[in-house]
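Enquirer: With the input below, show me the fold.
(4 chains)
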Protein chains: 2
Amino acid sequence: MTEERRRQILEAAAGVIAERGICDTRIADIAEKIGISPALILYYFSSKDRLLAEALAHRDQQFFERVAVHLDGTESAVDRLSVLIDASCPPSESLDRDDNEWQLWLEMWSRSRQDPELARERFRMDEALRTTIAEIVTQGIEENTMTCKDPSRFAMILSSLIDGLGIQVLLQDPGIDGEKMKEICHSIAASELSLATR
Amino acid sequence: MTEERRRQILEAAAGVIAERGICDTRIADIAEKIGISPALILYYFSSKDRLLAEALAHRDQQFFERVAVHLDGTESAVDRLSVLIDASCPPSESLDRDDNEWQLWLEMWSRSRQDPELARERFRMDEALRTTIAEIVTQGIEENTMTCKDPSRFAMILSSLIDGLGIQVLLQDPGIDGEKMKEICHSIAASELSLATR
DNA sequence: AAGTTGATTGAACGGCGGTTCAGGACCGCG
DNA sequence: CGCGGTCCTGAACCGCCGTTCAATCAACTT
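Expert: A predicted model of the protein is given here:
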C-alpha cells in the first residue's frame, strides 16, 4: 500500500534526522535504513526538502496525539496539567533513541527561520500546546482548584520553561535530568497557580 | 596583522551563520562578505568545521563579556539580577541583525550533539551563566533582599526560562516580544525570590 | 498470452562546494 | 638588487549527493 510506504519513509527520515541532524541527513541514509533504493524515496516525495519538512511535521503530530491520548483519560484540571507536564518531559532512557522528538525540535527551531513552511508548522504546534495548557487552567479556575489572572500568560511561561529545560536534559547537562525537570515544572506550576502541594 | 584577520573572518562567519544557518553556510559566502578569496579562509583555518565551531564560541564569548561589563557597574544583588535578565533578552530590533547571538545558539544546540567540541563549549557557557545567577542570589541572601532555598536550582529555572522564551521571541511568535519576555523573567524572579515588587 | 499499470532499481548525470596547489604581489632586510 | 617570508589569489581537482531516466519486475486485466 502506497500510503504505508510513505509513512515508513517519514519514520525513517525522522529517525535519521534525530541521529545525525538535518545537515548530515542524506537520502541514501534514509533509504538504507529501510532497505530500499534512494531513487524510490524520490518516487514518493518530490524533493529532499519536502520530505524532511514532512518528517518533522509528522513527528510533531505524533507527539501531540500522544499527549491527547493521555489527556483523554484524565478528568480534573490538576491531573490533566500533571499528565501534560509528564508527557512533555523527555524520559532519561529516550535521550539517544531516534524516536525522541526533542532532537527534531532543536532542528526545527534552527531551520524554521529559513523555511516558512516549517515556521508555520512550528507555530501551529506551539500554539496548540499553549492553548491546551490555557484551557486546562481555565477549567481549573472553574473547578476552584487553581487561581490565575492570565492563563495564556501562564501557558507561555510553562511551555517556554519546558523548552528550555528540555534542551538541558537532551544535551545531557549533568545538573538536570528528566526526573528533576518534571519536578521543577510541577513546582513552578504549583506556585504560579497556587496549587496545594501534595 | 594576522590575528586581526582571523577575528574578521570569525565575525563574518558568525554573521553568515546567523543569516543562513549552519547548513547553508558556505565558505564562499563568508569570503565574499569581507571581499577576500575563499582560499584565504583555509589559509587561516584548517577546515570549515573548525572555523564554524570557533565562530560560535567567539560569539558566545562576546555575549558573556557584554554581560560581565554590565554587571561590573552594578552593586546590589537585585540590580545585578535585573541587569543580567535585560542583557539576556533579545531586543526586538536585533532579531534580524546578524550580530544577534540567539540565532547562533539555536545552531549550537542542534549541532552540539554531533560535535563534542561544540558540546563542551556550550556547556561551559551555560554553566558560567548559571553560576553567575547563583552567585547573585547568594549575594542577595546575604544582603537580605532575596530568599531562596536553592540558588543553583533557581539558576537552572531562570536560565531555562530565558532559553525557552528567547526561542519564541526569536522565531517571532506573535504572543511575545523582547519586552514581554523581560517582564515575565522579572516577575518569575520576583516571585521565586520573594522580591518586593517595585 | 499479451497488455496495462504501479513499484522498484541501477546507473548515470550534473552541479555544488571544500580543499589543494602553484604561483604572484608586497614588504623588509642584507 | 636579490632574497625570503608572509599574505593572497585563480584555477583546477575531486568527491559527494540529489536528481533523472530507462529498464525491469510483479500483479492484475481482458
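
Enquirer: what's the longest helix in chain A?
Expert: helix A:116-142 (DSSP state H).

Enquirer: Mind giving me the packing neighbours of that helix?
Expert: helix A:48-72, helix A:77-88, helix A:101-111, helix A:151-170 (3 or more C-beta pairs under 8 Å, 6 or more residues apart in numbering or on different chains; DSSP states H and E). (Glycine included, C-beta is placed from N, CA and C.)

Enquirer: what residues does chain A put near DNA strand C?
Expert: A:2, A:5, A:35-40, A:43 (C-beta under 7 Å from any atom of the strand).

Enquirer: so who does A:Ser92 touch?
Expert: Residues in contact with A:Ser92 (C-beta atoms under 8 Å, 6 or more residues apart in numbering or on different chains) are A:169, A:177-179.

Enquirer: Actually, A:Ile184.
Expert: A:161, A:165, A:176, B:153, B:156-157.

Enquirer: Filter those down to the buried ones.
Expert: Applying 16 or more other C-beta atoms under 10 Å in any protein chain shown to those, the neighbour count classes A:161, A:165, A:176, B:153, B:156-157 as buried.

Enquirer: Could you export those residues as a markdown table, including pLDDT?
Expert: Formatted as a markdown table, the buried ones among the contacts of A:Ile184 follow (pLDDT from 0 to 100):
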| residue | pLDDT |
| --- | --- |
| A:Leu161 | 98 |
| A:Leu165 | 98 |
| A:Ile176 | 97 |
| B:Arg153 | 98 |
| B:Met156 | 98 |
| B:Ile157 | 98 |
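
Enquirer: what two of those residues are the furthest from one another?
Expert: A:Leu161 and B:Arg153 (12.9 Å; C-beta to C-beta).

Enquirer: wait, doesn't A:Phe45 sit right on A:Leu51?
Expert: Yes: look at A:Phe45 against A:Leu51 with C-beta atoms under 8 Å: they come within range, at 4.0 Å.

Enquirer: any shared contact partners between these two?
Expert: With C-beta under 8 Å, 6+ apart as the test, A:Phe45 and A:Leu51 both reach A:Ile9.

Enquirer: Burial check on A:Ser47, number of neighbours?
Expert: 10 (other C-beta atoms under 10 Å in any protein chain shown).

Enquirer: same question, A:Asn100
Expert: 18.

Enquirer: Close to DNA strand D: what parts of chain A are there?
Expert: A:25-28, A:38-39, A:42, A:47-49.

Enquirer: which one among those gets closest to DNA strand C?
Expert: Set against DNA strand C, the nearest of the residues of chain A next to DNA strand D by C-beta to the nearest atom of the strand is A:Ala39 (3.1 Å).

Enquirer: Okay, buried residues for stretch A:85-105 please.
Expert: A:85, A:87-91, A:95, A:98, A:100-105.

Enquirer: That one - what's its average pLDDT?
Expert: Across stretch A:85-105, pLDDT averages out at 93.

Enquirer: picking that back up, kindly identify which of the buried residues of stretch A:85-105 also come near chain B.
Expert: Restricting the buried residues of stretch A:85-105 to those near chain B by C-beta under 8 Å from any C-beta of the partner chain leaves A:Gln103.

Enquirer: Now the two most distant members of the buried residues of stretch A:85-105.
Expert: Maximum pairwise distance among the buried residues of stretch A:85-105 (C-beta to C-beta): 24.0 Å, between A:Ile85 and A:Asp98.

Enquirer: which regions of chain A sit below the pLDDT cut-off?
Expert: A:198 (pLDDT under 70).

Enquirer: How many residues are close by the closest residue to A:Glu101 other than its chain neighbours?
Expert: Once flanking residues are discounted, A:Glu101 sits nearest to A:Phe63: 4.8 Å by C-beta to C-beta, 6 or more residues apart in numbering or on different chains. The tally of other residues near A:Phe63 (other C-beta under 10 Å) stands at 17.

Enquirer: same check, this time on A:Thr132
Expert: A:Thr132 has 19 nearby residues by other C-beta under 10 Å.

Enquirer: A:Val67 is in contact with that one, correct?
Expert: Yes: the pair A:Thr132 / A:Val67 is scored as a contact, 7.5 Å apart, by C-beta under 8 Å.

Enquirer: OK, contacts around A:Ser88?
Expert: Here A:Ser88 is in contact with A:67, A:129, A:162, A:166, A:185 (C-beta under 8 Å, 6+ apart).

Enquirer: hang on, isn't A:Thr25 packed against A:Ala14?
Expert: No: proximity of A:Thr25 to A:Ala14 does not meet the contact threshold set by C-beta under 8 Å, at 9.9 Å.

Enquirer: the more surrounded of those two?
Expert: A:Ala14 (26 against 23).

Enquirer: That one against A:Leu104, yeah?
Expert: Yes: between A:Ala14 and A:Leu104 there is a contact at 6.3 Å, judged by C-beta under 8 Å.

Enquirer: Which residues are in contact with each of the two?
Expert: With C-beta under 8 Å, 6+ apart, A:Ala14 and A:Leu104 have common neighbours A:55-56, A:59.

Enquirer: among the residues you listed, who's most crowded?
Expert: Busiest of those [other C-beta under 10 Å] is A:Leu56, holding 28 neighbours.

Enquirer: Give the helix, strand or coil label for A:Gln172.
Expert: coil (DSSP: H, G, I helix; E, B strand; the rest coil).

Enquirer: ok, now how distant is it from A:Glu54?
Expert: 29 Å (C-beta to C-beta, to the nearest Å).

Enquirer: Those two: which has the busier surroundings?
Expert: Using other C-beta under 10 Å as the criterion, A:Gln172 and A:Glu54 rank with A:Glu54 on top: 18 against 15.

Enquirer: A:Leu10 is in contact with the more buried one, correct?
Expert: Yes: taking contacts as C-beta under 8 Å, A:Glu54 lies within contact range of A:Leu10: 6.1 Å.
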